[in-house]
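J.: Take this sequence and fold it.
(chains A and B)
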Amino acid sequence: MPVDTFANMEEKLWILEDLNMMYIRQIALSLQDSDIQKKIDHEIRMRDGACKLLAACSQKDQTLEAAKSLQTCSTRIMAYMSELQRMKEAQVMQKVTRRSSDAGPMEDRLPCKGKVAISDLRIPLMWKDTEYFKNKGELHRCAVFCLLQLGGEIFDTDMVIVDRTLTDICFDNTIVFNEASPGFDLRVELYSCCSEDDYSAGSTPRKLASKLSSSLGRSAGKKLRAAMEPGPCSPVSNGGAGPLLLPVPSVPGPKYHLLAHTSLSLLHVQDSFRTHDLTISGNEECSYWLPLYGSVCCRLAAQPHCMTQQMMSGCLKVKQLGGDPQSWKKVYAVLKGTSLFCYHQQEDVEANVEPAFTIAVNKETRIRASEKDPQSKVQNIGISNQYGGEEVTHSLTTDSREDTHRWMEAFWQHFYDMSQWKQCCDDLMKIELPSPRKPAPVTPKQGSLYHEMVIESSNDLGTTVSDILARRMQELELRSHLGTSPTWMSVFEENSPKSTVRPRPCTPRLSGHSPCTPHRPPRSPLSPHRCPPLSLLSSDASLTSDSDSHGSTSPCSHRHGWPEPSSNLPLGSSSPCRPRPRTLSLDAKLSTLRGRAYGGGGTLQCSCQPHPSSLLTPFPVASCSPRSQRSAQATLSCSSSTSSNSSSNSEGSHSLESSEGAPFSRPSPARRSLRNLKARLDPRNWLQSQV
Amino acid sequence: MSNYIPGQPLTAVVERIEILKLRQGDNLILGFSIGGGIDQDPGQNPFTNDKTDKGIYVTRITEKGPAEVAGLREGDKIMQVNGWDMTMVTHDQARKRLTKKNQDVVRLLVTRRSLEEAVKHSMGPCLKP
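T.: Got it, this is the predicted structure:
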């Protein structure tokens, strides 16, 4: 019976796992290496935790994060186990071929290790123009992250949700590997997992689900099927582990698949950004497929220890060749990087006092031991450099032969290191660790309503738009300025105005700043926030929202939805990028909205405290262009477009929170801001912005 | 700068400039102003002879600011910022690439006429017919 065989299989797997663990422990014991043992144990515990979390949590992004941790832990376990095996093999080999050491110790010089850092990973995508501009087809979303492996260290980047609104996949992380040898091999792997909400069990409201299921297109259906069955794009991504190594426990939930990979080495290291080729696995039929352009751009920097640490230090006597024999200077010398720093005293080194003088020690330098000094019977060391065509030689001498020998040895080692690390030793490359994430700045409460609106990045646009419109309606009603409702409310006129305006208990979603759900860091780009299809309601203004390239914190400048209904300003001519709706077809959205409105206005909640001050009749419309697809929680600061304009001539133009809410509270600034907006959009200008 | 044919690769002599942003309260500033962009009118760019050049130019440098300290000069054309191309961007895109809040350092590739000329001069003797 199938159930029994399945249970049997599981049991067998668990037994195998136990056996493997015992084997691992034996190896570790025999190698007397408890370090790796501890690491493996730690990773296995993490993996178990991730499995439990995966089984327990229901929210989509939590499952994705848990699956990512699972993938990382599995890869780390694999790496540790292979290392363990290698060490065991090496030990066995040593025992078998014991070389006699009478030939003299074969001292293979080992190059120094160094730090290798990779940052600003960016992977361009190549969407078909029909997908990108015309928004055809359903919105296919994938969750991606990168695994970076160098030596025994494996790190993962943050997870990014990618869909066709992005042109590039960007990872903000800087990953530093601490003990890399010059022959390192940094493997970059891009993992991707299809992240369609429709495919997760039980999370879709039934009405929506039935609607969708009856209207799945051909490609969507194919993908759905592919996601359900293992298929050719099988989720086994553990490198084809044989029965000896731990099998990956089969856990329900999203699985990441390897989408692309590349290997970087010393010759890719440079102090600036470079583009490298990616090897792509998978094809269009896979659910996790993304149209990659085929390259990855990043900054790969290396700091060998010979450039950052003191390789040798001690007391010396230095004189310049050709000077008189009595001009020996006693110094405390430190060999670091491309120089020999000579200080008056040892204490100066810690005190950061400037050295008395510096002798260059680089690729052009020649060092040789000279004839024995007749007086002291100790060899001198001569360091020769070319300074502008002239050869200048410094002589060093020490107190004893052993010291001289040690210095010579240090110089040879240093030259060897420089020859191995090549271009990394020309100049010290900078590695910046990212500053710890600051919490999103709290916007000071402004007078305007718009600064305090928070849109939950729900995928259901209907709620969002209805919320906003309901709020507006409420304000309008409260103010009783308007006799007639604004034109856009006609969309909802099936619903009695009462129900739209019925104030619901305010859920505390109001905040001056971004995150409401604590697990969403403000910077991680989340599900794309779709523009409301309200472009229908103003003449030709097409809604744009800014597409920030990546990772910038939530507020970014906004454009008015429509400055005046009568103007035909094509918005976005000067502002970024791509004026396009990002949603399902307009009709679908509108019908959903209507459906919701019919549904008793149940979703129309007053989710923020209406502010008494802000309404302005010339701008009756909620410039509720919700956030661009990047930000998690949209802090609506609709005035920010103009304020960024006005503040662009003051300092710090990009901090849009500092924008005054003023433009909306007084008519004249509003007109001014409108003029500013027109100025910005007028292509006959040549704008200047301060950064 | 040089004649630019759309669609063809562009070569230029560039200088690498690393600017460490300065923190002023809640902001990180670089200390210069930019002008230009594909959505702007290139005819008004005073820093280039080629009046069809829609690139991003440095129009003003704050004295003793981070940009000046790093070696940026007025009139420089910014080709690349942290790996992102700046030769074909809108003005606002350019501003955004420079003002990312989570970045403390921006690495620019800039070009200026004096660089091109310096290279030409150093190659001078070789260009004999």
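
J.: So A:Y293 versus chain B, what's the distance?
T.: Going from A:Y293 to chain B by CB to the nearest CB, to the nearest Å gives 13 Å. All C-beta atoms are positioned from the backbone trio N, CA, C, and that covers glycine.

J.: same question, A:M22
T.: To chain B, A:M22 is 46 Å away according to CB to the nearest CB.

J.: Could you look up the SS state of that residue?
T.: helix (DSSP: H, G, I helix; E, B strand; the rest coil).

J.: One more: A:T75?
T.: A:T75 is classified as helix under three-state DSSP.

J.: In contact with the spatially closest residue to A:G337 that is not a sequence neighbour: list those residues for me.
T.: Leaving aside its chain neighbours, A:G337 sits nearest to A:M307 (4.6 Å; criterion: CB to CB, 6 or more residues apart in numbering or on different chains). A:M307 sits next to A:114, A:336-338, A:421, A:424-425, A:428 when contact means CB atoms under 8 Å, 6 or more residues apart in numbering or on different chains.

J.: The same query, at a cut-off of 10 Å, please.
T.: A:112, A:114-115, A:336-338, A:417-418, A:421, A:424-429 (CB atoms under 10 Å, 6 or more residues apart in numbering or on different chains).

J.: who wins for neighbours among those?
T.: Counting neighbours by other CB atoms under 10 Å in any protein chain shown, A:G114 leads the contacts of A:M307 with 28 neighbours.

J.: Leaving out the residues flanking it, which one is nearest to that residue?
T.: Counting by CB to CB, 6+ apart, the residue nearest A:G114 is A:P304, at 3.5 Å.

J.: these two touch, right, that neighbour and A:C112?
T.: Yes. Contact criterion CB atoms under 10 Å: A:P304 and A:C112 qualify, at 5.8 Å.

J.: which residues do those two both contact?
T.: Counting by CB under 10 Å, 6+ apart, the contacts common to A:P304 and A:C112 are A:181-182, A:417-418, A:420-421.

J.: Show me the beta-bridge partners of the spatially most central residue of chain B.
T.: Computing the C-alpha centroid of chain B and ranking residues by CA atoms, centre = their mean puts B:I78 first, at 1.6 Å. As for beta bridges, B:I78 partners with B:I56, B:V110 under DSSP bridges.

J.: Please state the offset of the lowest-mean-pLDDT helix or strand in chain B from the chain centre?
T.: Across the helices and strands of chain B, mean confidence by mean pLDDT, DSSP states H and E is lowest for helix B:113-122: a mean of 83. In terms of CA atoms, centre = their mean, to the nearest Å, the gap separating the centre of helix B:113-122 from the centre of its chain is 17 Å.

J.: Which residue ranges of chain B form strands?
T.: B:15-20, B:22-24, B:27-29, B:32-36, B:56-61, B:77-81, B:84-85, B:105-111 (DSSP state E).

J.: Pick the most deeply packed of the ones you listed.
T.: Mean neighbour count (mean count of other CB atoms under 10 Å in any protein chain shown) peaks for strand B:32-36 among the strands of chain B, with a mean of 24.

J.: From the chain's centroid, how far away is that strand?
T.: Counting by CA atoms, centre = their mean, strand B:32-36 comes out at 9 Å from the chain centroid.

J.: Sheet-wise, list the partners of it with their directions.
T.: Partners of strand B:32-36 in its sheet, by DSSP bridges: strand A:688-690 (antiparallel), strand B:56-61 (antiparallel).
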